[in-house]
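Colleague: coords please:
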Amino acid sequence: MATVIYRCPVGAPGECPPSATRGYCQVHMFQQLERHDPAEDVPSADTPTDTPTDTPDDAVPVAASPAGARPAADPEAATRPARPARAAQPQQNRHRQQQPQQDRRPQPRPARAPVVRLALLVAGVLLPVHAEHRRGGGGLAIGRDEPDCAAVPGLAGLDQLSRHHARLRWIDGALYVEDLRSTNGTFVDGRRIEEPTRIGPGCRLRFALDLDVQVVEIDEFGAPR
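Modeller: Next comes the predicted model:
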């Protein structure tokens with residue numbers, strides 16, 4: 001009974017070792033071996049051969065190896081099925097592995113600027129200047145008909161003060177006072193202003209001729225610092 005041999009169908013003679021079991025070529029990793037009939041290697045009567053016809057009586061017979069086969073370094077390599085190569089990783093996974101791991105350590109937060117809270121001290125009453133993020137733009141309105149001044153006793157009876165006299169508002173984190181075209185004007189530290197003027201704690205304001213106020217800093221509870 002002839003031995004079944006499996007060979008690589010794409011390799012040149014002598015390039016790929018044969019195998020006694022079905023598997024993959026050791027040279028062409030993804031090429032599966034195909035069954036080969038040993039009868040095809042037997043030369044026909046018309047094919048010339050270099051084997052001598054007269055063999056000495058004392059010659060030792062040598063087992064013929066399949067045509068084109070080369071000795072394997074490992075005796076079991078010819079019978080061991082070749083292990084298929086690992087499939088290549090998707091390009092997306094390889095790209096993800098190559099990316100450097102982000103630093104997840106907590107980063108220090110930038111220091112926040114201290115919140116400055118200001119108010120006007122009017123006749124013993126504190127009128128806080130609303131924060132700029134408040135609905136309506138924040139600030140503080142000064143005048144006989146302004147709701148912000150309703151808590152000041154006697155202010156509605158000051159004839160020198162206009163009904164809508166002046167307004168304090170925040171611009172880029174700084175406090176400014178603006179005269180609203182009042183009759184008797186707005187003064188900052190004794191000087192009448194014609195355009196929005198920056199003010200801060202300690203500034204003295206005068207609205208018309210008889211309303212002197214002072215800018216003070218207050219804490220988060222509304223008390224003067």
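
Colleague: okay, CA-based contacts and neighbour counts for the rest of this
Modeller: Noted.

Colleague: Point me to the helix or strand that includes C16.
Modeller: With elements delineated by DSSP states H and E, C16 resides in a region that no helix or strand encompasses.

Colleague: Quick check: it vs G23, distance?
Modeller: Counting by CA to CA, to the nearest Å, the gap between C16 and G23 amounts to 13 Å.

Colleague: again with R144
Modeller: R144 is 101 Å from G23, where distance means CA to CA.

Colleague: Skip ahead from the worst-scoring helix or strand of the chain on mean pLDDT and say which helix or strand is next.
Modeller: Among the helical and strand segments of the chain, the one scoring lowest on mean pLDDT, DSSP states H and E is helix 91-98, with a mean of 57. Per DSSP H and E, helix 91-98 leads on to strand 118-122 as the next helix or strand towards the C-terminus.

Colleague: For that following strand, name the packing helices and strands.
Modeller: Taking 3 or more CA pairs under 8 Å, 6 or more residues apart in numbering; DSSP states H and E as contact, the helices and strands that strand 118-122 lies on are strand 125-128, strand 211-217.

Colleague: Residues touching that strand, excluding its own?
Modeller: Residues external to strand 118-122 that are found in contact with it (CA atoms under 8 Å, 6 or more residues apart in numbering): 126-129, 152, 200-201, 211-218.

Colleague: quick one: which of those residues is nearest L33?
Modeller: Within the contacts of strand 118-122, the smallest distance to L33 is 89.5 Å, found for V129 (CA to CA).

Colleague: May I have the residues that are in contact with that closest one?
Modeller: Applying CA under 8 Å, 6+ apart, one finds that V129 lies in contact with 117-120, 138-140, 168-169.

Colleague: can you list the weak-confidence ranges in this structure?
Modeller: Counting by pLDDT under 70, the chain contains low-confidence ranges at 1-2, 27, 29-31, 38-103, 108-115, 132-137.

Colleague: where along it do the strands fall?
Modeller: Read by DSSP state E, the chain holds these strands, from start to end of the chain: 5-7, 34-36, 118-122, 125-128, 140-142, 166-171, 174-179, 186-188, 191-192, 197-199, 204-207, 211-217.

Colleague: Counting neighbours, what do you get for L155?
Modeller: 17 (other CA atoms under 10 Å).

Colleague: Run through the residues that contact the nearest residue to it once chain neighbours are set aside.
Modeller: Distances taken as CA to CA, 6 or more residues apart in numbering place R144 nearest to L155, at 6.3 Å, with adjacent residues excluded. Each residue near R144 by CA under 8 Å, 6+ apart is listed here: 155-158, 161-165.

Colleague: Tabulate these in JSON lines, adding columns for distance to A12.
Modeller: As requested, those are exported to JSON lines (distance: CA to CA, whole Å):
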{"residue": "L155", "distance to A12": "111"}
{"residue": "A156", "distance to A12": "111"}
{"residue": "G157", "distance to A12": "115"}
{"residue": "L158", "distance to A12": "114"}
{"residue": "L161", "distance to A12": "110"}
{"residue": "S162", "distance to A12": "108"}
{"residue": "R163", "distance to A12": "107"}
{"residue": "H164", "distance to A12": "103"}
{"residue": "H165", "distance to A12": "104"}
